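Visitor: The following comprises the amino acid sequence and a computationally predicted model.
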Amino acid sequence: MSRSQLVAEHLPLLRRYARALTGSQSSGDAYVAAMLEAMLGDPSVLDESHGPRAGLFRLFTQIWNSVSVNDDSEVTNLPMPPERRLSNITPLPRQAFLLLSLEGFSEEEVGYILGTDVGETRRLADAAGREMAAEIATDVLIIEDETFIAMDLESLVKNLGHNVVGVARTHADAVALAKNKRPGLILADIQLADGSSGLDAVNELLRTFEVPVVFITAYPERFLTGERPEPAFLISKPFQPAMVSAVASQALFFQRNSRNRAPKVPAA
């Protein structure tokens, strides 16, 4: 297999990680594109000593960490996505946790990607776990037509300290529940059994109020092409509890930061 084929094979999941890291499709995909440009300019920048996938994530991390985070600094080499601000940077502990829980790398591989040893990797992941455990609970709407998966998600969400306001199995149910309950987080299957779409339901809801959404699908590669508007937060089936915890927490992390940065309306 050629190097270009190896890179193409791992690009979808790298996009997933980049989007979770930055909080948006456009920003995450921009950093992946910057990494690819760096490889085209100098193929030797890709270190495959731990395998091509770990090498790509390591190079992406180097690109990510090389960009200045100061609002007033000029970045001449790479486009600066608007989300890339100091108040919104994904901390290193969360990077470690996402690499372990979402992408399934070993502690040794995460250490190689982040440039840390195994002990530091464990400390970073533990720090992320403590931070997530301290998060304020929110109301969660689950859009999932498969009964057992819905039950697993409901149990998992409750164990994380959140409150499940309802489980919707169709587009119509999801819209009705969300408009009535106004959840603080939505976990949504993309394809529902009755032929309706969780993606369409969420798009309809987002026209009326703002809420972070994590999509769940058995076919993540279909929604990680970078060729059209696609989800920022995506979990593949079958999922592990730590994966759901990491991505849901990351979605709430960006929502909280967005609210903190919103200008306050002065009192009359």
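Guide: On my side now, so go ahead.

Visitor: Give the rounded mean pLDDT of the helix or strand where Arg256 lies.
Guide: Assessed by DSSP states H and E, Arg256 sits inside helix 241-261. Here helix 241-261 scores 79 as its mean pLDDT.

Visitor: got it, and stretch 24-40?
Guide: Mean predicted lDDT for stretch 24-40 stands at 91.

Visitor: and if you look at stretch 218-237?
Guide: In the prediction, stretch 218-237 has an average pLDDT of 88.

Visitor: can you give me the end-to-end distance of it?
Guide: From its first residue to its last, stretch 218-237 covers 5 Å (Cα to Cα, to the nearest Å).

Visitor: which parts of that stretch are buried?
Guide: Pro220, Phe223, Leu224, Gly226, Glu230, Pro231, Ala232, Phe233, Leu234, Ile235, Ser236 (16 or more other Cβ atoms under 10 Å). For every residue, glycine as well, the C-beta is placed using N, CA and C.

Visitor: How about stretch 142-159?
Guide: In stretch 142-159, counting by 16+ other Cβ under 10 Å, buried: Ile142, Ile143, Glu144, Asp145, Ile149, Ala150, Asp152, Leu153, Glu154, Leu156, Val157.

Visitor: Per-residue pLDDT of the fourth one, please?
Guide: Reported pLDDT at Asp145 in the predicted model: 90.

Visitor: Run through the neighbouring helices and strands of the one helix or strand in the chain whose mean pLDDT sits lowest.
Guide: Ranking every helix and strand in the chain by mean pLDDT, DSSP states H and E puts helix 241-261 at the bottom, with a mean of 79. Counting contacts by 3 or more Cβ pairs under 8 Å, 6 or more residues apart in numbering; DSSP states H and E, helix 241-261 packs against helix 3-22, helix 92-101, helix 118-133, helix 147-159, strand 185-189, strand 213-217, strand 234-236.

Visitor: What residues does Met35 make contact with?
Guide: The contact partners of Met35, by Cβ atoms under 8 Å, 6 or more residues apart in numbering, come to Leu56, Leu59, Phe60, Ile63.
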